[in-house]
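Trainee: need coordinates for the below:
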Amino acid sequence: MSGHPEVAYTLDFGVRRQSTREGKTAPHPKELAYGSIPRLARLLALAIRLEGLLRSETIQDYAELARLGRVTRARMTQIMKLLHLAPDIQEQILFLPPIRGLNERNLRPITNRIDWDEQRRLFQELQRRSQRVGE
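Mentor: This is a model prediction of the structure:
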């Protein structure tokens, strides 16, 4: 025995909606209470929370996070790379309204950039393109 107590977490990486009799989907309970929170903001908040668990050594590594979340290690890495964004971009993402076309997949090339000024420029371009698509 290693001396560390075992800790179990339930992680929900997606929003599941229940179908109604008419075939429509019912709103998620969180949407009813708080309004629609963009998936991108939820993923970033999740990454921030999971980083805290890693720092506190409650969870050992990304592989363990992936097992607990029932996703691949590659997907876990994609989610956690959102933390590579400049802090002001992260803040914008957390408080942005839903914008069609602004999603984690479109942010991946930006998360790979080291220079925060370059990230900011690319993020502004992405926002402009996404807002034009939504109009």
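
Trainee: least confident secondary structure element in this structure?
Mentor: In the chain, no helix or strand scores lower on mean pLDDT, DSSP states H and E than helix 29-34, which sits at a mean of 46.

Trainee: figure out how far the helix or strand just after it is from the centre of its chain.
Mentor: Sequence-wise, the next helix or strand downstream of helix 29-34 (DSSP states H and E) is helix 39-55. How far helix 39-55 lies from its chain's middle: 6 Å, per C-alpha atoms, centre = their mean, to the nearest Å.

Trainee: what ranges do the helices span in the chain?
Mentor: Applying DSSP state H to the chain gives helices spanning 29-34, 39-55, 62-69, 73-80, 87-95, 104-111, 116-134.

Trainee: now those helices in JSON lines, with mean neighbour count?
Mentor: In this view, the C-beta of every residue, glycine as well, is placed from N, C-alpha and C. What follows is the helices of the chain, written out as JSON lines (neighbours: other C-beta atoms under 10 Å):
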{"stretch": "helix 29-34", "mean neighbour count": "10"}
{"stretch": "helix 39-55", "mean neighbour count": "16"}
{"stretch": "helix 62-69", "mean neighbour count": "17"}
{"stretch": "helix 73-80", "mean neighbour count": "16"}
{"stretch": "helix 87-95", "mean neighbour count": "15"}
{"stretch": "helix 104-111", "mean neighbour count": "16"}
{"stretch": "helix 116-134", "mean neighbour count": "14"}
